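> Structure for the following, please:
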Amino acid sequence: MLSLESQGGKGGLRVELPSQGGKGGPRVELPLLINDQEVLASYAREDVEGLFLPFLRELTSLRDEARAGGKRVVAFLAAPPGAGKSTLASFLQGLSCGREGLAPLQALGMDGFHRPNVWLDAHHLGDDPAAPTLRSVKGAPQTFDVEALAAALARLRAGEALRWPSYSRATHDVCAEGPWVESEVVLVEGNYLLLDEPGWRGLRELCDVSVMLREDSEVLHRRLVARKVAGGSTPEEAEAHYQRSDSRNVELVLGHSLPADHTWHLG
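This next block holds a predicted model:
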């Protein structure tokens, strides 16, 4: 395989030839650190040049307009579970910082707006105290504090200095003291940012531009089961979790989201 360093690239951005599967032609790769794990992100160069870079140029133009009013540009990247939104958001952050003429963006996740585990353990599905607690469906819309998310997004867009809450994969709980938001352009990624449901649909008004990353449901099924197995679950446990929780969330995002400004289905 021939490796070519990209012009003006930083942090190991490179073009690989030839591609294996997916869209034909070369792929652009970038090593990333996501949730304390090293990941080699790889995307078709036609997607990088035809989708990602035009999107980053759009954000740069919006940044130039927002500066006059002291505002910050807020973009959404919505996607169903297993679509690869966290990897893509980190890739776009790296790409924006490695190209002259592009505004560097800061990628932020909405996982820090999960309700704390102590809250989830104290609340149950439905009104029956004998029913399973909300922790059993952690990741579903009702396990997030959407009011706190909306308030934080409004502060983001107003250009305020703030710390963005994060989520610990070690403790599987929220951390209020996350990173400081320093960039003039932020990309917030999450499942339900465009959800067309009460309490959620108003979030759309708090962003300047939105992207929906779509994927086939069967592909998502395979990925999510494999992810649970990689985390230590048996195949049977992973499949049961998918049927109990993930499948509903996938269907909800794919079938009940507001239209995005851009819709991407990557190779």
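
> can you tell me which residues contact L193?
Shown in contact with L193 (C-beta atoms under 8 Å, 6 or more residues apart in numbering): 76-78, 110, 203-204, 207, 210. Quick note: C-beta positions are derived from backbone N, CA and C, even for glycine.

> what do you get if the cut-off is 7 Å, keeping everything else the same?
Applying C-beta atoms under 7 Å, 6 or more residues apart in numbering to L193 gives the contacts 76, 78, 110, 203.

> Which of these fall in strands?
76, 78 (DSSP state E).

> Just name the closest of the contacts of L193 to A161, please.
A161 has its nearest neighbour among the contacts of L193 in M110, at 19.5 Å by C-beta to C-beta.

> Pull up the gap between the residue nearest to that closest one when sequence neighbours are not counted and G109, please.
In space, and not counting its chain neighbours, M110 is closest to G190: 3.3 Å by C-beta to C-beta, 6 or more residues apart in numbering. To G109, G190 is 6 Å away according to C-beta to C-beta, to the nearest Å.

> Go through the contacts of L193 and say which is closest to E237.
M110 (26.2 Å).

> Measure how buried that closest one is and give me the count.
Using other C-beta atoms under 10 Å, M110 is surrounded by 24 other residues.

> which residues does it contact?
149, 188, 190, 193.

> Filter those residues down to the ones in strands?
188, 190.

> L105: what's it in contact with?
Contact analysis of L105 by C-beta under 7 Å, 6+ apart lists 59, 92-93, 96, 183, 185-187.

> Of those, which count as buried by neighbour count?
Burial by neighbour count, judged by 16 or more other C-beta atoms under 10 Å, picks out 59, 92-93, 96, 183, 185-187 from these.

> Kindly reformat the residues you listed as TSV containing pLDDT.
Shown next, in TSV, are the buried ones among the contacts of L105 (pLDDT from 0 to 100):
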residue	pLDDT
L59	98
L92	97
Q93	97
S96	96
S183	96
V185	98
V186	98
L187	98
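
> Next step: the residues you listed restricted to helices.
Judged by DSSP state H, those include 59, 92-93, 96 as members of helices.

> quick one: which two of the residues you listed are the most distant?
Those two in these that are separated most widely, counting by C-beta to C-beta, are L59 and Q93, at 11.3 Å.

> which one of the contacts of M110 sits closest to E239?
Closest to E239 out of the contacts of M110 is G190 (24.9 Å), distances taken as C-beta to C-beta.

> From A79, how far off is that closest one?
Taking C-beta to C-beta, one finds G190 at 8 Å from A79.

> how about the strands in the stretch 1-150 of the chain?
Along the stretch 1-150 of the chain, the stretches classed as strands by DSSP state E, counting those that start in this stretch are 2-5, 14-17, 27-34, 37-44, 73-78, 105-109.

> ok, the residue nearest in space to the middle of the chain - contacts?
Nearest to the mean C-alpha position of the chain, by C-alpha atoms, centre = their mean, lies E189 at 3.0 Å. Residues near E189 by C-beta under 7 Å, 6+ apart: 77, 85-86, 89, 107, 109.
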